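In: Here is a sequence with its predicted model. Questions after.
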Amino acid sequence: MKKVIIIGGGLSGLSAGIYALKNGFKATIIEKNDEVGGLCTTWYKDGIMIDGCVHWITGSSRGNMLPIYKEVGMLEDVKIFKPPFFYKFYYKDIEIEVSRDVNILKDQLFKFANDQVDKNNLNLFFKLLRRFKNIPFHTGKPVSCLKKTEVVGYIRYIAPMALAWNKTINMSILDFANLFNSDILKHFFLSFMPSYYSLTYFVGIISQFVTDNADTIYVRSLDLSLNIKKKFLELGGKIILNEEITKLNIENNKLLSIESNDNKFEADYYINASPLPYFYDKLLDKEYHDKYVDYIFDDIENYPLISTVYISMKIDKEYKENIDHFNLIYDEEGIRVGSSINNTLHYRAYPYLKNDDGSTTLICLIDLHIKDYDVFKEKENNGTYYQYKEELGNKVMDIYINKFPNVKKHISLIDVATPLSFERKTYTYKGAYLSSLATPFGERKSFNIKDKYINNLYHAGQWITQIGGIPRSLSNGKFAIDELLHQIELAKRIKKQKKQNNSK
Ligand SMILES: Cc1cc2nc3c(=O)[nH]c(=O)nc-3n(C[C@H](O)[C@H](O)[C@H](O)COP(=O)(O)OP(=O)(O)OC[C@H]3O[C@@H](n4cnc5c(N)ncnc54)[C@H](O)[C@@H]3O)c2cc1C
């Protein structure tokens, strides 16, 4: 039985492990942390739950992701929470609810159209939402593995969306927002995602919500990871925790073994499911770098990775007012971190996952450009890091209190996790959590699954394609195995052909 070793036990590593086992390989996952999950995790501080990860799962009601969720066991015994609205956007004294009911959303947005230009742009937005409704999220086989006859089927399959995709992929969210004359609408479109991302991704996610194909969950993010771990172990997989891979031994374009500080591991095939930017920066020798990947990672202006700082607060049980799961609050002054000014702050609460003392955790996520990592590094070096974190936390809390003054006596700051925290925990490059391939500049929207130079190495993880969170991570884990099987098949065919040629 051929052996596969997977570096990294995040969702993509676990998924690759499961599909490796299902296809007759022996599979071992090597994870540097004391638990699997990677970014999809939860931790506690003073008994208060800190969980910035899963706030929505797309493809939860229909479509191609459902079989994958099932096969990896992710949603086993998980109660799905179907909020009536995706989020509420508070702009000055105005409230816009991104309702599941597209007609309600329409009524709300059209109220703020200043003129015919705004109306036309809104009409375009709702038309795109309809087009994206049945996003054929491709989970069958990676395109590189398709036979000529299958390519035709694939094109037919993605055709309905291709038109909408082409209309939006080359336009940034900022470009689209700037088409509006109404300030409210402009800020509405700028409120949800980094403004330099392609419009496709904003339309994509909203369309899933308004057509009832995205939900959230009544469990912690870590519980999803543990569900997949359970499945992997049940199928006979092996997990080695607390083992950090620090060295790759490569000879003649073949990965012979990988090493941690204490141990050496050997397999027939290897899957890298650690973050690709980190793998390139720390593990893979320059001579084996795919120049295209280097080019994308180096051009941080056009292809920025996005990192985050998330601030956790607790709201005590005496506060009886309704706490929404997801509020976006616009603040005129905003919060500046390095080069980024965030005018809309995202507050997410877990009213259905109470802490032991009956309190509710409230988390604010601030997206950052990758270059803002240096701000935190500098503060760490000059000894002002902790003070800065507290100042940031208090500002974020003040904006919330300003919107909901009655919460003032009931709210306190618990934790501020910066890009440095994420980097320490998951080795994600400079604390990044969103891929660089989501801007309008992409000539190609994915990296190779099979390593360009190392013949028995494959890549998984959210980093090798555009953003897409959990669906991307899980399907990319599966794709790594699909590609591996394809290459084995290809090698067999070439060998057979050679044999036939020789016997002629
Ligand atoms: C704040 C936040 C909010 C999010 N919200 C959502 C959401 O609402 N919906 C959604 O679908 N997705 C969301 N996501 C995205 C989702 O969590 C990720 O797509 C997914 O968890 C990434 O999995 P991965 O396996 O690709 O990478 P990772 O989780 O980064 O896994 C990489 C693993 O490799 C390990 N590793 C790294 N280096 C080594 C080494 N040298 N040796 C051994 N192990 C190593 C790490 O410890 C880690 O476990 C969110 C993510 C974050 C951070």
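Out: Yep, it's here. Numbers count the residues shown, from 1 in each chain.
In: if you average pLDDT over the longest strand along the chain, what comes out?
Out: Selection of the longest strand in the chain by residue count, based on DSSP state E, yields strand 326-337. Averaging pLDDT along strand 326-337 yields 94.
In: and the following helix or strand past it, which residues are buried?
Out: On the C-terminal side of strand 326-337, the nearest following helix or strand under DSSP states H and E is strand 340-349. Residues S340, N342, T344, L345, H346, Y347, R348, A349 are the ones in strand 340-349 that count as buried (16 or more other CB atoms under 10 Å). Quick note: C-beta positions are derived from backbone N, CA and C, even for glycine.
In: got it, and stretch 153-172?
Out: Residues of stretch 153-172 classed as buried: M161, A164, W165, K167, T168, I169, S172 (neighbour count, 16+ other CB under 10 Å).
In: What separation do you get for K79 and the ligand?
Out: Shown here: K79 relative to the ligand, a distance of 17 Å by CB to the nearest ligand atom, to the nearest Å.
In: Apart from its chain neighbours, what residue comes closest to that residue?
Out: Once flanking residues are discounted, K79 sits nearest to Y218: 4.0 Å by CB to CB, 6 or more residues apart in numbering.
In: what about the helix or strand bottoming out on mean pLDDT in the chain, distance to the chain center?
Out: The helix or strand of the chain with the lowest confidence, counting by mean pLDDT, DSSP states H and E, is helix 148-169 at a mean of 75. On the basis of CA atoms, centre = their mean, to the nearest Å, helix 148-169 is displaced by 23 Å from the centre of the chain it belongs to.
In: Please apply the same query to stretch 493-504.
Out: On CA atoms, centre = their mean, the centre of stretch 493-504 falls 45 Å from the chain's centre.
In: same question, stretch 341-355
Out: The mean C-alpha position of stretch 341-355 is separated from the chain mean by 17 Å, CA atoms, centre = their mean.
In: and if you look at stretch 140-153?
Out: Shown here is stretch 140-153, whose average C-alpha point lies 25 Å from the average C-alpha point of the whole chain (CA atoms, centre = their mean).
In: Give the buried residues for that stretch.
Out: G140, K141, P142, C145, L146.
In: tell me which parts of this protein are close to the ligand?
Out: Taking CB under 6 Å from any ligand atom as the contact definition, the chain meets the ligand at 7-13, 30-33, 38-40, 52-57, 244-245, 273-275, 278, 308, 365, 426-428, 433, 461-462, 469-470, 473.
In: Please pick the buried ones from these.
Out: Using 16+ other CB under 10 Å, the buried ones in the residues of the chain next to the ligand are 7-13, 30-33, 38-40, 52-57, 245, 273-275, 278, 308, 365, 426-428, 433, 461-462, 469-470, 473.
In: Which ones among those residues lie within helices?
Out: Taking DSSP state H as the definition of helices, these contribute L11, S12, G13, Y278, T426, G469, I470, S473.
In: Give the closest residue to the third one in space, chain neighbours not counted.
Out: Which is G13. Beyond its immediate neighbours in the sequence, the residue positioned closest to G13 (CB to CB, 6+ apart) is A273, lying 3.3 Å away.
In: and that neighbour, what does it touch?
Out: With CB atoms under 8 Å, 6 or more residues apart in numbering as the criterion, the residues that contact A273 are 6-10, 12-13, 16, 29, 459-461, 477, 480.
In: now swap in S260 and tell me
Out: S260 makes contact with I30, E243, E244, I245, T246, according to CB under 8 Å, 6+ apart.
In: Repeat the analysis, applying 7 Å as the threshold.
Out: Taking CB atoms under 7 Å, 6 or more residues apart in numbering as the definition of contact, the neighbours of S260 are E243, E244, I245, T246.
In: any idea how far K238 is from the last one?
Out: This means T246. 20 Å (CB to CB, to the nearest Å).
In: Per-residue pLDDT of G442, please?
Out: The predicted local distance difference test score for G442 is 64.
In: actually T200, not the one I typed
Out: According to the model, T200 carries a pLDDT of 86.
In: going on from whatever helix or strand it lives in, what's the next piece of helix or strand?
Out: With secondary structure defined by DSSP H and E, T200 is part of helix 199-210. Next in sequence after helix 199-210, counting helices and strands by DSSP H and E, comes strand 214-217.
In: For that next one, name the packing helices and strands.
Out: Judged by 3 or more CB pairs under 7 Å, 6 or more residues apart in numbering; DSSP states H and E, strand 214-217 is in contact with strand 57-58, strand 80-81.
In: Do me a favour and average the pLDDT over the first one.
Out: Along strand 57-58, the predicted local confidence has a mean pLDDT of 88.
In: next one: that strand to chain centre, how far?
Out: Centre-to-centre, strand 57-58 and its host chain are 11 Å apart (CA atoms, centre = their mean).
In: Stretch 191-204 now?
Out: Its chain's C-alpha centre and that of stretch 191-204 lie 14 Å apart, by CA atoms, centre = their mean.
In: I figured F189 was touching D175, is that so?
Out: No. Taking contacts as CB atoms under 7 Å, F189 lies outside contact range of D175: 10.0 Å.
In: So between these two, which is more surrounded?
Out: F189 (21 against 14; other CB atoms under 10 Å).
In: burial of the closest residue to that one other than its chain neighbours, as a residue count?
Out: Closest residue to F189 in three dimensions, ignoring its sequence neighbours and counting by CB to CB, 6+ apart: A177, at 3.9 Å. As a burial measure, the neighbour count of A177 was computed by other CB under 10 Å and equals 19.
In: who touches L128 in this structure?
Out: L128 makes contact with A164, K167, T168, V203, according to CB under 7 Å, 6+ apart.
In: for the record, mean pLDDT for the helix or strand hosting it?
Out: Take DSSP H and E as the rule and L128 turns out to sit in helix 116-131. Regarding helix 116-131, the rounded mean pLDDT is 93.
In: Can you list the buried residues in that helix?
Out: Neighbour-count burial for helix 116-131, with 16+ other CB under 10 Å as criterion, is recorded at D118, N121, L122, F125, F126, L128, L129, R131.
In: the inter-axis angle of it versus helix 199-210?
Out: Counting by axes from the mean of the first three to the mean of the last three CA atoms, to 10 degrees, helix 116-131 points 70 degrees away from the direction of helix 199-210.
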